[in-house]
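[1] Predicted model and sequence follow; I will ask about them next.
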Amino acid sequence: MSVDLLLSAGRGPRECTWALGHLLRRLESAAARSRLAVERLEVVAGDGRETYRSALVRIAGPGAAVFAAGWTGTLCWQAPSPYRAGYGRKNWYVIASPPPAAAQPATFSEDDVEIVPVRTGGPGGQHRNKASTAVRAVHRPSGEVVVVDTERHLSLNRRLALNLLRERLEKGNEAAAREVATTRWQIHDELVRGNPTRVERP
């Protein structure tokens, strides 16, 4: 099994990105000792070498969930600042939590679309209604429905309906992806300093 974990330095000072780098490497070393694999899925680099604003990792192997639970919550790297000599503070905090689940994108295939000729009113008169040139298109997996009657020919309305369904699904996927990204960024603001669930030192 595998578990994803998002580590974030939040909006803390530069030292927190440095702490995240140390904590990430410590997590990877601990996982290796437990015979677990850790993959860095996504990282946002900090200003310095081996520093990170955030890191999304996947922990895989037997016992991954239990291991990840031990690294979830407020993490503390306890060491003097490498950037400010003589600075009294030694506790630098990072938050680690499961990331919001990525939305499963809706895929478009014409095989998933049911096309039904329908009659609608409007310009075109009797001939247009009797010929049933309008179409009602249903994308069965998502339930998205469109009705198109702008053209006099069924084949043209069918093509327009398919294009419209494709565009709607693409926009829906984009909106879902933005929502996941927004939720993920909110995690950066959830960092609570003090009372860490785990403290690590050099």
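    Received, thanks. The structure displayed is predicted, hence computed values, not measured ones.
[2] Walk me through the regions of the protein where pLDDT falls short of the threshold, as ranges.
    Counting by pLDDT under 70, the chain shows low-confidence ranges at 102-103, 120-131, 183-193.
[3] For it, just list every one of the strands.
    Using DSSP state E, the strands of the chain run over 2-8, 37-45, 52-60, 73-78, 91-97, 113-118, 134-139, 144-148, 198-200.
[4] Name the residues of the third one that are buried.
    For strand 52-60, a neighbour-count test (16 or more other CB atoms under 10 Å) marks Y52, R53, S54, A55, L56, V57, R58, I59 as buried. Yep, even glycine has a C-beta here, placed from its N, CA and C like the rest.
[5] With distance to L162 as new columns, can the residues you listed be given to me in a markdown table?
    Shown next, in a markdown table, are the buried residues of strand 52-60 (distance: CB to CB, whole Å):
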| residue | distance to L162 |
| --- | --- |
| Y52 | 44 |
| R53 | 42 |
| S54 | 40 |
| A55 | 41 |
| L56 | 36 |
| V57 | 40 |
| R58 | 37 |
| I59 | 42 |
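[6] ok, back up a step: buried deepest among the strands of the chain, which one?
    Ranked by mean neighbour count, the strands of the chain are led by strand 91-97 with a mean of 23 (mean count of other CB atoms under 10 Å).
[7] okay, that strand in CSV with CA atoms only?
    Output in CSV follows, covering the C-alpha atoms of strand 91-97 (Å, rounded to 0.1, in the frame of the first residue of the first chain):
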residue,chain,number,x,y,z
ASN,A,91,12.7,25.3,17.3
TRP,A,92,11.6,25.4,13.6
TYR,A,93,8.2,24.0,12.7
VAL,A,94,6.8,22.2,9.7
ILE,A,95,3.3,20.7,9.2
ALA,A,96,2.8,17.3,7.6
SER,A,97,-0.6,16.0,6.7
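[8] So which residues make contact with it?
    Residues outside strand 91-97 that contact it (CB atoms under 8 Å, 6 or more residues apart in numbering) are 5-10, 12, 15-16, 18-20, 23, 71-79, 81, 187-188, 190-194, 196.
[9] mind redoing it with 6 Å?
    Outside strand 91-97, the residues within contact range by CB atoms under 6 Å, 6 or more residues apart in numbering are 5-9, 15-16, 19-20, 23, 71-72, 74-78, 187, 190-191, 193.
[10] again with stretch 150-167
    Outside stretch 150-167, the residues within contact range by CB under 6 Å, 6+ apart are F108, I115, T133, A134, V135, A137, H139, E144, V146, V148.
[11] Grab the longest helix from this structure for me.
    Ranked by number of residues, the top helix in the chain under DSSP state H is helix 154-187.
[12] mind checking how far the nearest residue to R14 once chain neighbours are set aside is from S54?
    Leaving aside its sequence neighbours, R14 sits nearest to Y83 (CB to CB, 6 or more residues apart in numbering; 5.8 Å). Distance, Y83 to S54, using CB to CB, to the nearest Å: 19 Å.
[13] hang on, R53 packs against E42?
    No - if you go by CB atoms under 6 Å, R53 and E42 don't touch, sitting 11.1 Å apart.
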